[in-house]
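Visitor: next input, structure requested:
(chains A and B)
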Amino acid sequence: GAGVSQSPSNKVTEKGKDVELRCDPISGHTALYWYRQSLGQGLEFLIYFQGNSAPDKSGLPSDRFSAERTGGSVSTLTIQRTQQEDSAVYLCASSLAGGSLGNQPQHFGDGTRLSIL
Amino acid sequence: QQQVKQSPQSLIVQKGGISIINCAYENTAFDYFPWYQQFPGKGPALLIAIRPDVSEKKEGRFTISFNKSAKQFSLHIMDSQPGDSATYFCAAKSQTGTASKLTFGTGTRLQVTL
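Guide: Next up, the predicted model:
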């Protein structure tokens, strides 16, 4: 596709369950970012990938959160033992390059709306 | 610690009027300041961006004014239209080694009335 694709678009699950959120970046984009957007709040940075490595994981809120990226493309954000405070929209963005290679714009997907019952 | 403060939280402007959204930052290491526009149910989309060595940038009806000494920047939407009704986020980019990330403001919900 032409843009960043995220799936599922909506996810409702029970407290304590694990969830996996998927992000397909724009083809050729080496940098990938995950953000969390809570109601009425700005976007909270979670993790950044350059290729398959994650030089910055500083935004992951707890060890229940993890992310991986394979083949320099698709990324999965996993939340284990979900809690109600995990309810939010999880947004993925990609760009041509992160780091010091210029101010490449980040292109966002439409997010996964996660609701924990 | 909120590193980018955005105001107002919401804004109502009449069609044809000027919408002004302000942001202030604390980290002098920020080196790039984009604005994003977000419609309900959609991801944010880059609107316009500025580097700190420039005081103003204009693209169509959208202008960023940047005051480096005051550590403030603002978005001006001229001739505001109902289609501009959306949530606007300012952001600031920081660099740590090879990693860069955006720190976002909390957003301004703009409503343009007829």
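Visitor: residue ranges with poor pLDDT in the chain?
Guide: The chain I'm using is chain A. Low-confidence segments of chain A, defined by pLDDT under 70, are located at A:1, A:98-102.
Visitor: to clarify, I was referring to chain B.
Guide: In the prediction, chain B carries residues with pLDDT under 70 at positions B:1-2, B:97-99.
Visitor: find the closest residue to chain B in chain A.
Guide: Among residues of chain A, the one nearest chain B by CB to the nearest CB turns out to be residue A:108. It sits 3.2 Å away. Where C-beta positions appear, they are placed from N, C-alpha and C, glycine not excepted.
Visitor: that residue against residue B:45, yeah?
Guide: Yes: using CB atoms under 8 Å, residue A:108 makes contact with residue B:45 at a distance of 6.9 Å.
Visitor: of the two, which one has the most company?
Guide: The residue with the greater number of neighbours, taking residue A:108 and residue B:45 and applying other CB atoms under 10 Å in any protein chain shown, is residue A:108; the counts read 23 against 14.
Visitor: give the bridge partners for that one, please.
Guide: Per DSSP bridges, the residues bridged to residue A:108 are residue A:93.
Visitor: which residues touch residue B:79?
Guide: Residues in contact with residue B:79 (CB atoms under 8 Å, 6 or more residues apart in numbering or on different chains) are B:16, B:18, B:61.
Visitor: tell me the secondary structure of it, please.
Guide: What DSSP: H, G, I helix; E, B strand; the rest coil gives for residue B:79 is coil.
Visitor: can you tell me which residues in chain B are near chain A?
Guide: By the criterion of CB under 8 Å from any CB of the partner chain, the positions of chain B lying close to chain A are B:4, B:6, B:31-32, B:34, B:36, B:41-46, B:49, B:51, B:89, B:91, B:93, B:95-107.
Visitor: of those, just the buried ones, PyMOL syntax please.
Guide: Typed into PyMOL, the next command selects the buried ones out of the residues of chain B next to chain A (criterion: 16 or more other CB atoms under 10 Å in any protein chain shown):
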select buried, chain B and resi 4+6+31+32+34+36+43+44+46+49+89+91+93+99+100+101+102+103+104+105+106+107
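Visitor: from the residues of chain B next to chain A, which land in strands?
Guide: B:4, B:6, B:34, B:36, B:45-46, B:49, B:89, B:91, B:93, B:95-96, B:99-104 (DSSP state E).
Visitor: just to revisit the earlier point, next, show the common contact partners of residue A:108 and residue B:45.
Guide: Each of residue B:36 lies in contact with both residue A:108 and residue B:45 under the rule CB under 8 Å, 6+ apart.
Visitor: what are the boundaries of the strands in chain A?
Guide: Read by DSSP E, chain A holds these strands, from start to end of the chain: A:5-7, A:10-13, A:19-24, A:31-37, A:43-50, A:53-56, A:65-69, A:75-79, A:88-95, A:107-108, A:112-116.
Visitor: what does the fifth one rub up against?
Guide: By CB under 8 Å, 6+ apart, the list of residues contacting strand A:43-50 from outside reads A:30-38, A:54-61, A:65, A:67, A:69, A:75, A:77, A:90-91, A:97-99, B:44, B:89, B:91, B:98-104.
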